[in-house]
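**Student:** sequence first, then the predicted structure:
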There are 2 protein chains.
Amino acid sequence: MQFDLQHTDASSKARAGTITTRHGQIHTPIFMPVGTLGTVKAVEQRNLHADIEAEIILGNTYHLYLRPGTQVLEAAGGLHQFINWNKPILTDSGGYQVYSLTQRRKITEQGVTFCSHIDGSMHTFTPENVVDTQRTIGSDIMMVLDECTPFPCTYAYARQSMEMTHRWLQRGINQFKKTTNANNDYQALFPIVQGSIYKDLRIQSAETIASMDQPGNAIGGVCHPTGQLYEVTEWVCDILPVHKPRYLMGVGTPLDLLECMAIGVDMFDCVMPTRSGRNGRLFTTQGIINIKNSQWKQDFNAIDPGLDNYVSKHYTKAYLHHLFKSKEILGAQIASIHNLAFYLWLVKEARKQILIDNFKTWKESIQRTVMERL
Amino acid sequence: MQFDLQHTDASSKARAGTITTRHGQIHTPIFMPVGTLGTVKAVEQRNLHADIEAEIILGNTYHLYLRPGTQVLEAAGGLHQFINWNKPILTDSGGYQVYSLTQRRKITEQGVTFCSHIDGSMHTFTPENVVDTQRTIGSDIMMVLDECTPFPCTYAYARQSMEMTHRWLQRGINQFKKTTNANNDYQALFPIVQGSIYKDLRIQSAETIASMDQPGNAIGGVCHPTGQLYEVTEWVCDILPVHKPRYLMGVGTPLDLLECMAIGVDMFDCVMPTRSGRNGRLFTTQGIINIKNSQWKQDFNAIDPGLDNYVSKHYTKAYLHHLFKSKEILGAQIASIHNLAFYLWLVKEARKQILIDNFKTWKESIQRTVMERL
């Protein structure tokens, strides 16, 4: 994996770059649709290519490890082959999902033991075996096992947890080095900055992560409504190496993307566009819509004439309203494609504006129009 | 609407023809995917075009009348515009769905009064107003209101019902003639043969329907597991005019299609490919599959290499198995596209064989391979 920083906006800290992987190039800033179980929910792979123009998708190691399991993924020749997707894939370490099983997991220095949400069976994730699993998955970008601290979180807990995360990082990197082989030497391993909302911890963690000299770096544990997202992200971005991509995990709303691009974040992922889409909440270039509202019942305008993809241009708000009122699967399909196309439009448009040093002005105009609730 | 009978197979009564409508040509024998509420469940319109190569789809007047309602459909400029589908559409009269509301409807000479399954509101369908509704929908082929008799059904009931259906037919045709105008003079109205399983009634009904000289004719009330489908259909087909298309309503399995094509049926519709698809039951050129069975867990062969569409060729059985086990929407999407593509392949292949007088031999080979349960 290689990262070329092409330009930094003159009016902000926003950056435009290119990540080159064995499975193709990624133009940053980028948003990665979440493909939890080897499928971006309700979206076919062809639509990811042609309509959404996704350049990379994300898979969840926890879910893939349980189903279909590493045996099937290995027999398939990896996740790309299994799901018929030939562009880059990033996988998380599985940690985040495991910690959310609050009543069914135990964290020790060794790793984390948990009960499967499917059948209650016991499993252990260690910094070493999540590397092994991601080797089998064959993702282009793998993540180390970290502890994503709860929120709120005491200083003492945040510090101890961060220190363990750093020890796990070293173990993960050791395992990564040991397991390099001809088949998967294209893979990159990203470490994750933790430290909750405490500035000295975040700075210490960012410095530790930066010193590991991995090809890219991630910021974790920021995905809480009151988690001081922008402030924490800026502390960390100011320390992380300039010539490596910065991935802000699990973020966020379109507004969050704009603000965090301005701080210097290059990569994002979030279930919001697909989950909101399945619930009828649409992000459009004209504003935010709840398509179930009766005001759209006889609106025969396109879902979003401001986007170039087929579904946003060719289906009307009235039709999509009807599909949602009738609880038809096609409603979720169209809304998911549309919302993801919007997110990809947003980051591509941002990139254009960065390249002409106009990001700040553009961002303000977008905030006035696109973020309005209609 | 125009029908050109091109060829009748030398080895059977199977026919190849072409129906020409304002929205394009239909090559018969044809299968029509069911688009109940203005959407073929879980299938996007683009996939109906490109993958399934559907030449006509079906809409249900009962469902469309209730939701989105005629007001919205009229404002949209008809169903084609509303759903973004520019090929032919056939609509049923709504009768079939109403009769299935057994506890919530009352049939009189005037028409049928029923309670909506959505909100319990009272509505009446008459031979006249279902024509009006289908005028608003703008379907290329409309159906008259008939009574689809229950099964089993006494001779006395079947006879009285058939006679009322014939009286309703005349009323429907009168209304159809009265409402012709510049906007919808492309529409055709098909009458429906009833008469349950009684040969003399079926013959009498077929003769009555034939005498109406409508551009096409339908056979109703045959869709029961023990309804002597092939026998009843043959009685009727032998009477219906040769130079008009024959539509067998609500049929059926791939085997039913083969048998009824051999009798001289030209048009079919059924929810089976989509409903079975959503349940993981696949029709393939190699046989019938339950994709949820564990035998497919590590089968990395294409879903159906015998079909030319993208999903059947590019996704594996193992992947589709995984999607169904994980209850992912994409499983229903892929299986629905695949099954419909199979049905359209079956009728297109049949047409080729009819044109070279080889239908019977081909049908027997298909029955040995394609109908086998794997």
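**Tutor:** Arrived safely. Residues are numbered from 1 along each chain as shown, chains lettered A, B, ... in the order given.
**Student:** buried ones in whatever helix or strand A:Gln175 lives in?
**Tutor:** Element membership of A:Gln175, judged by DSSP states H and E, is helix A:155-179. Buried positions in helix A:155-179, judged by neighbour count with 16 or more other C-beta atoms under 10 Å in any protein chain shown: A:158-159, A:161-162, A:164-166, A:168-169, A:171-173, A:175-176. For glycine as for every other residue, the C-beta is placed from the backbone atoms N, C-alpha and C.
**Student:** same check, this time on stretch A:112-120
**Tutor:** Within stretch A:112-120, the residues that qualify as buried by neighbour count (16+ other C-beta under 10 Å) are A:112-115.
**Student:** now those as CSV including distance to B:Pro127?
**Tutor:** As requested, the buried residues of stretch A:112-120 are arranged in CSV below (distance: C-beta to C-beta, whole Å):
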residue, distance to B:Pro127
A:Val112, 69
A:Thr113, 70
A:Phe114, 64
A:Cys115, 62
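**Student:** where do the helices sit along the stretch 251-374 of chain A?
**Tutor:** A:254-263, A:272-278, A:310-314, A:317-325, A:329-355, A:359-369 (DSSP state H, counting those that start in this stretch).
**Student:** what's the closest of those helices to B:His123?
**Tutor:** For these, proximity to B:His123 was assessed by C-beta to C-beta; helix A:317-325 is nearest, at 18.0 Å.
**Student:** what's that closest one packed up against?
**Tutor:** Counting contacts by 3 or more C-beta pairs under 8 Å, 6 or more residues apart in numbering or on different chains; DSSP states H and E, helix A:317-325 packs against helix A:329-355, helix B:70-76, helix B:79-83.
**Student:** what parts of the stretch 201-350 of chain A come near chain B?
**Tutor:** A:297-298, A:300, A:310-311, A:314-316, A:318-319, A:322-323, A:325-326, A:328-330, A:332-334 (C-beta under 8 Å from any C-beta of the partner chain).
**Student:** can you do 6 Å?
**Tutor:** Proximity of the stretch 201-350 of chain A to chain B, by C-beta under 6 Å from any C-beta of the partner chain, involves residues A:298, A:300, A:314-315, A:319, A:322, A:326, A:328-330.
**Student:** can you flag the buried ones in the residues you listed?
**Tutor:** Using 16+ other C-beta under 10 Å, the buried members of these are A:315, A:319, A:322, A:326, A:328-330.
**Student:** mind listing what A:Val265 touches?
**Tutor:** Going by C-beta atoms under 6 Å, 6 or more residues apart in numbering or on different chains, A:Val265 touches A:246, A:248.
**Student:** got a pLDDT number for A:Leu374?
**Tutor:** We have a pLDDT of 78 for A:Leu374.
**Student:** ok, now which ones touch it?
**Tutor:** A:287, A:289 are the contacts of A:Leu374 under C-beta under 6 Å, 6+ apart.
**Student:** follow-up on the earlier one: could you dump the residues of the stretch 201-350 of chain A next to chain B to a markdown table with distance to B:Pro245 and pLDDT?
**Tutor:** Below are those laid out as a markdown table (distance: C-beta to C-beta, whole Å; pLDDT from 0 to 100):
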| residue | distance to B:Pro245 | pLDDT |
| --- | --- | --- |
| A:Gln298 | 35 | 98 |
| A:Phe300 | 33 | 98 |
| A:His314 | 31 | 97 |
| A:Tyr315 | 31 | 98 |
| A:Tyr319 | 30 | 98 |
| A:His322 | 30 | 98 |
| A:Ser326 | 30 | 97 |
| A:Glu328 | 29 | 98 |
| A:Ile329 | 31 | 98 |
| A:Leu330 | 29 | 98 |
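**Student:** tell me how chain A divides into domains.
**Tutor:** For chain A, the structural domains run A:30-270, A:271-362, going by automatic domain parsing.
**Student:** please report how far A:Phe151 lies from chain B.
**Tutor:** For A:Phe151, the distance to chain B equals 29 Å [C-beta to the nearest C-beta, to the nearest Å].
**Student:** just confirm that residue is within a helix.
**Tutor:** No: according to DSSP: H, G, I helix; E, B strand; the rest coil, A:Phe151 belongs to no helix; its state is coil.
**Student:** not counting its neighbours along the chain, what's nearest it?
**Tutor:** Excluding its sequence neighbours, the residue lying closest to A:Phe151 (C-beta to C-beta, 6 or more residues apart in numbering or on different chains) is A:His224, at 4.1 Å.
**Student:** and that neighbour, how many neighbours?
**Tutor:** Per other C-beta atoms under 10 Å in any protein chain shown, the neighbour tally for A:His224 reads 17.
**Student:** that one: what secondary structure?
**Tutor:** Per three-state DSSP, A:His224 ends up coil.
**Student:** which residues of the stretch 1-150 of chain A lie near chain B?
**Tutor:** Counting by C-beta under 6 Å from any C-beta, the residues of the stretch 1-150 of chain A near chain B are A:37, A:39, A:42, A:67-68, A:72, A:75-76, A:82, A:84.
**Student:** from these, list the buried ones, please.
**Tutor:** Applying 16+ other C-beta under 10 Å to those flags A:37, A:39, A:42, A:68, A:72, A:75-76, A:82, A:84 as buried.
**Student:** can you put those residues in TSV and add pLDDT?
**Tutor:** What follows is those, written out as TSV (pLDDT from 0 to 100):
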residue	pLDDT
A:Leu37	96
A:Thr39	98
A:Ala42	98
A:Pro68	98
A:Val72	98
A:Ala75	97
A:Ala76	97
A:Phe82	98
A:Asn84	98
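**Student:** and these, which two are the farthest apart?
**Tutor:** So, these by C-beta to C-beta: farthest apart are A:Ala42 and A:Ala75, at 26.7 Å.
**Student:** can you pull the contacts of whichever residue of the stretch 151-300 of chain A sits closest to chain B?
**Tutor:** Chain B sits closest to A:Gln298 of the stretch 151-300 of chain A, with a gap of 5.2 Å, by C-beta to the nearest C-beta. Contacts of A:Gln298 were listed using C-beta under 6 Å, 6+ apart, and they are A:318, B:72, B:75.
**Student:** and for A:His7?
**Tutor:** By C-beta under 6 Å, 6+ apart, A:His7 lies in contact with A:16, A:355.
**Student:** distance to A:Asp266 added to the helices and strands packed on helix A:317-325, as TSV?
**Tutor:** Listed next are these as TSV, based on distance: least, C-beta to C-beta, whole Å:
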stretch	distance to A:Asp266
helix A:329-355	10
helix B:70-76	43
helix B:79-83	40
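**Student:** residue ranges with poor pLDDT in the stretch 51-200 of chain A?
**Tutor:** A:181-182 (pLDDT under 70).
**Student:** point me to the residue of it nearest chain B.
**Tutor:** Closest to chain B within the stretch 51-200 of chain A is A:Pro68: 4.4 Å, counting by C-beta to the nearest C-beta.
**Student:** could you find the closest non-adjacent residue to that residue?
**Tutor:** A:Pro68 sits nearest to B:His322 (C-beta to C-beta, 6+ apart), 4.4 Å away.
**Student:** ok, back up a step: from the residues of the stretch 201-350 of chain A next to chain B, which two are the most distant?
**Tutor:** Taking C-beta to C-beta as the measure, those span a maximum distance of 23.3 Å, between A:Gln298 and A:Ile329.
**Student:** hmm, back to that, quick one: the domains of chain A as JSON lines, columns for distance to A:Ser12 too.
**Tutor:** Shown next, in JSON lines, are the domains of chain A (distance: least, C-beta to C-beta, whole Å):
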{"stretch": "domain A:30-270", "distance to A:Ser12": "4"}
{"stretch": "domain A:271-362", "distance to A:Ser12": "5"}
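**Student:** please, where are all the helices along the stretch 101-250 of chain A?
**Tutor:** In the stretch 101-250 of chain A, the helices defined using DSSP H, counting those that start in this stretch lie at A:127-137, A:155-179, A:199-211, A:229-237.
**Student:** of all those helices, which one comes closest to A:Ile366?
**Tutor:** Per C-beta to C-beta, nearest to A:Ile366 of these: helix A:229-237, 16.3 Å.
**Student:** mind giving me the packing neighbours of that closest one?
**Tutor:** Secondary-structure packing of helix A:229-237 (3 or more C-beta pairs under 6 Å, 6 or more residues apart in numbering or on different chains; DSSP states H and E): helix A:199-211, helix A:254-263.
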